[in-house]
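Novice: Sharing a model prediction with you, sequence too.
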Amino acid sequence: MRQETVSTSTLALEARDISVVRGGVKVLEIPSLQVLPNEVLVVIGPNGSGKTTLLLTLAGLLRPASGTLLYQGQPATTQAELLRLHRRMAVVFQEALLLNSTVWDNVTLGLRLRGVAKEEIKTRADKWLERFGIASLAGRQARTLSGGEAKRTSLARAFVLQPDILFLDEPFNGLDSHSRQAIIDDFEGVLRETRTTTVLVTHDSNEALALAHRVIVLMDGRIRQLGSREEVFSNPVDEQVAAFVGVENIIDGVVTSNQGGIINVSIGPSSPGSIIEAVADSAAGEKVSVCIRPEEITLTVSRASSSARNSFSGTITRLVSFGAFSRVEIDCGFPLVVLVTKRSAEEMGLEKGKQIFASFKATGVHVIKR
Amino acid sequence: MRQETVSTSTLALEARDISVVRGGVKVLEIPSLQVLPNEVLVVIGPNGSGKTTLLLTLAGLLRPASGTLLYQGQPATTQAELLRLHRRMAVVFQEALLLNSTVWDNVTLGLRLRGVAKEEIKTRADKWLERFGIASLAGRQARTLSGGEAKRTSLARAFVLQPDILFLDEPFNGLDSHSRQAIIDDFEGVLRETRTTTVLVTHDSNEALALAHRVIVLMDGRIRQLGSREEVFSNPVDEQVAAFVGVENIIDGVVTSNQGGIINVSIGPSSPGSIIEAVADSAAGEKVSVCIRPEEITLTVSRASSSARNSFSGTITRLVSFGAFSRVEIDCGFPLVVLVTKRSAEEMGLEKGKQIFASFKATGVHVIKR
Amino acid sequence: MDLILEGIVRAFRLLIQGDPAVIKITLLSLAISLSATAISLVIGITLGTVIGLNVFRGRRFLVSLINTGMGSPPVVVGLIVSVMLWRNGPLGIFHLMYTPYAIVIAQLIISLPIITGFTMASIQQIDPKLRLQLVALGASRGQLLWLLVRDTRLPLLAAVMAGFGSIISEVGAAMMVGGNITGQTRVLTTAIVMEVGKGDFGLAIALGIILMALVYLVNLALTLIQQRSKPR
Amino acid sequence: MDLILEGIVRAFRLLIQGDPAVIKITLLSLAISLSATAISLVIGITLGTVIGLNVFRGRRFLVSLINTGMGSPPVVVGLIVSVMLWRNGPLGIFHLMYTPYAIVIAQLIISLPIITGFTMASIQQIDPKLRLQLVALGASRGQLLWLLVRDTRLPLLAAVMAGFGSIISEVGAAMMVGGNITGQTRVLTTAIVMEVGKGDFGLAIALGIILMALVYLVNLALTLIQQRSKPR
């Protein structure tokens, strides 16, 4: 559904022929980019690939050398049009960027700039301070906050605006791993509730894996790949993208049981009956995605009793060799990509159409909440 | 050989009953620690575990609250004794810490402080500037250097002293991955040539894997484990150490062939004939260590034709269950630790003494130069 | 030693008794320097904010003018103001020479570059990303300026203190353009110089103590402000 | 307007012709302020390094004394020195009042806290780890101090400039302890104040131009030093 062509007026945001020049060099060149309503679009790319520049341009905070930005089908170019855009959106930067004032003042700032009524401000601020677990900090001076608290304040300041579109630039960077995970969990929950249209920029492909509906891979200021999370992680367009995102098989499913930390995941209506076993703490009934790295899957010509808990029979649909490796695509009712050495492929006589068993260990499966 | 008790006078450095107190809290407590001649001793531990404190204490740069430091069997306590120690050793800190002067001035500083003759200084500085690839930068002002160049200068400044003992505190931190790898390679080569006694502190277990003869795992200011690299990585003493270092099977061997990036490693005299296949760019004849993570190994009751290139038959020597997992130790002529789910272990009827096949993919093997 | 003791004793007697001459000189000094500071403040904050936030033609020239002003000896400012206000000088018709207004003008010229420079520096120290964040929060151009000035309030207070501190203890210009006329243009510093010249240390020490106390209070305030405005 | 033009014309004539009075005053001013700076430098760098590097009893008191000194009005320093040197004051027997030495003493007291404070700050700004690194390289205690002072040479030069700049343009203390005696204690600033008082703008403007030039050179040097010593 998300892949369909959508009429311009129903797009959340559209960028056309955008280019950004710095020091005479084109640091960003985007012929076309559409942000769909209610989607989470994650832009990933290495440092210096122009991710932040793209985000600032889409948010109307950086004037491109050429190109047009359309917000809900209307151009956003003049000062007045940009102010209108800025009063409908919210941005969360890598640093919290708070004013020297209280948490309450910071969280309500956007609403006050918009001239929202006092009672309305109070209701909304109370709700979002509560939601991000910082209600008790409302009176604290911003400069006395810890990194995690400042980040929560900056997220609350964004969500309190109930923005039509939310931009985030590496929002979970620079936090220690504990508060990072807690904040990502909170953020993920809020995003699922509010279904806010979101553009998130990160260099961490795990964040993309955990949050994205669609993924853009940006390299050297150009879009190298744009597609659903499954497309990008399972079928990177080239070696460079693959090396950066880390290739994954991503399969959606529902947890059917959890026995002592070992879960069974029923993988969707497309292949009823298929169950993947994994190690995770998800509860039965939860919707999850399971990820399996292609190099963790072993191919055998016959099914053998093994400690590998997951074994599926399938047909080879494609076989590509490069360097010392062969990449084998298999249809097991669901698609599966496997990486084996070329020597293995030759010795086992792998070829298109051949029947094969693919197996991988329960410990090799990475489970993500959907 | 390195495990034998060595008489005190032949030790490079010895610390006895060292404790360091900060703000009333004992941040470091080391009953006994010996640094052997010509060894590379790597101290690993999480942030805040007291690694840097330990290094500074061993280098005589931080006076402990109690305890003695012996350098080549002689106490190093008084100002004069410490100066003597400092003029035999070298320290490389995490930051390059250069004076506002030229690269040449910085590299020769230690020699000038020791009053070494001018011609000798020139010969040695030329050699080490060359060796670390910064001969062309000799006249440059230190503050104009890039991070990698500054780091090379600081390494040259240490090696030009031809120290009896070298201390390094997270020396490869904060560099981009490219120059980091280049500098580690250079450093590794120099260390193998000079056989300088080295104490290196890092939070990165990969550096320990690549460089260490012996490894100390430091947590909360206490030595949790001290042993050969193989001992620590293959047999961590407890869950916490295991979680930090990441368990590995480490097997020494010699590369016998390399065909298009796929190498065969003959694994030592202890099990002649055993060959492990791996993906790496090592040349035939090279001495290497191969590392295999326990969760990457699959167990089968019978040998099956499979894309897993490495398959060894062995006998289960030990079986321990914890949580959802079972840890299986196997003797295949060489020891191998395997991690499987408890459910697997039960279904396959794993028990001590049982004959079993262990297999892992060539892509699952990590090869390190020895 | 008698001289010192005697002087100090007389000084404290003057201070405790509330000697009319001491009070008069102190109040005049405060009135002149506070007026000059207040006027500089209004002009300096506006100028400093505009120069700090915008890029325009002639900006470099203005900035170097401010820097020159901050480094100029007050004596030279006194000289220039004197020339201007001299009875047959360009502004001579206003008959301001040797009046308190002349001192206010000189002190205004001395403190203006200091306050403008401080304002400019503190506005420029604001993370440029904070400006982006405020724009992203929907701040209009006017709202942005107001938020930025408000966010630097502590450094701005420091600017005020530095400006006031520099002129309350200034001697040369006050003497040149004021003329040190009793009851009209005699301020703390010029009075001290004069009394010492006469060998009357009692009044000089009393006035010196008051001047030190004022300067100490200003410095204390500056230190407190700097500690409070330390970045996280 | 005639007055200004006439004054400027006369000023340039005096400067170009090398008027003996102008030269005499300028050289005396330089001799006094450079002597004071040189003495402060030796004492201030030693003091600043010792205070900056060591922790000892009374250190806090010394630091607050230096801070008070840096903020004290020169007029008050002039007052204190006057009291001390007065003919029946404690140091009266040396007959230093109204001699160039008195001005040197006053300027020394004004510049010493500035140079000490700058030295202390620049020594403390050195990464404590650099000190460890130098010890680890085998530096003895003496070698360490020398390397640290040498490594801060640019900020130290800034200290010298700031010290000199503050005393060359000082008026009050020079007037009080020097007495503004022609050919003996008349320096640039006191001469300017006096000439303006007399309404003789030619000489005043000539001396003002020289003072501005000196201060400008000092500030230029300061700026260049600060740019060169910027951390990487």
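Specialist: Now that the structure is in, tell me what you want to look at.

Novice: now do the same end-to-end measure for stretch A:136-148.
Specialist: Length of stretch A:136-148, first residue to last, Cα to Cα, to the nearest Å: 14 Å.

Novice: And the contacts of stretch A:176-186?
Specialist: For stretch A:176-186, contacts defined as Cβ atoms under 8 Å, 6 or more residues apart in numbering or on different chains pick out A:131-133, A:146-148, A:151-152, A:155, A:172, A:175, A:207, A:210. No exception for glycine: its C-beta is placed from N, CA and C like everyone else's.

Novice: backbone phi and psi for the residue of the stretch 51-200 of chain A found nearest chain B, please?
Specialist: Among the residues of the stretch 51-200 of chain A, residue A:176 lies closest to chain B, at 9.1 Å counting by Cβ to the nearest Cβ. Backbone torsions of residue A:176, given as degrees, to the nearest 10, read phi -70, psi 160.

Novice: same check, this time on residue A:236
Specialist: According to degrees, to the nearest 10, residue A:236 has phi -60, psi 140.

Novice: Next up, the contacts around it.
Specialist: Applying Cβ under 8 Å, 6+ apart to residue A:236 gives the contacts A:217, A:225, A:242, A:245, A:247.

Novice: same question, residue A:337
Specialist: Applying Cβ under 8 Å, 6+ apart, the residues near residue A:337 are A:234, A:235, A:247, A:249, A:294, A:327, A:328, A:329, A:330.

Novice: For the nearest residue to residue A:229 once chain neighbours are set aside, grab the count of nearby residues.
Specialist: Counting by Cβ to Cβ, 6 or more residues apart in numbering or on different chains, residue A:212 is the residue found nearest to residue A:229 once chain neighbours are left out, at 4.8 Å. When neighbours are counted by other Cβ atoms under 10 Å in any protein chain shown, residue A:212 registers 23.

Novice: Mind checking which of the contacts of residue A:236 land in helices?
Specialist: Of the contacts of residue A:236, the ones assigned to helices by DSSP state H are A:242, A:245.

Novice: Identify the single longest helix in the chain, thanks.
Specialist: You didn't say which chain, so I picked chain A. For chain A, the helix with the greatest residue count under DSSP H is helix A:177-194.

Novice: wrong one, I was asking about chain C
Specialist: Chain C, longest helix under DSSP H: helix C:20-53.

Novice: List the buried residues in whichever helix or strand comes after that one.
Specialist: Next helix or strand after helix C:20-53 toward the C-terminus (DSSP states H and E): helix C:59-71. Neighbour-count burial for helix C:59-71, counted by 16 or more other Cβ atoms under 10 Å in any protein chain shown, picks out C:66, C:69, C:70, C:71.

Novice: swap in stretch C:161-168?
Specialist: Counting neighbours by 16+ other Cβ under 10 Å, one finds that the buried residues in stretch C:161-168 are C:161, C:162, C:163, C:164, C:165, C:166, C:167, C:168.

Novice: Closest to residue B:280 out of the residues you listed?
Specialist: residue C:162 (65.4 Å; Cβ to Cβ).

Novice: before we move on, the earlier item: top of the contacts of residue A:337 by neighbour count?
Specialist: Counting by other Cβ under 10 Å, top hit in those: residue A:328 with 30 neighbours.
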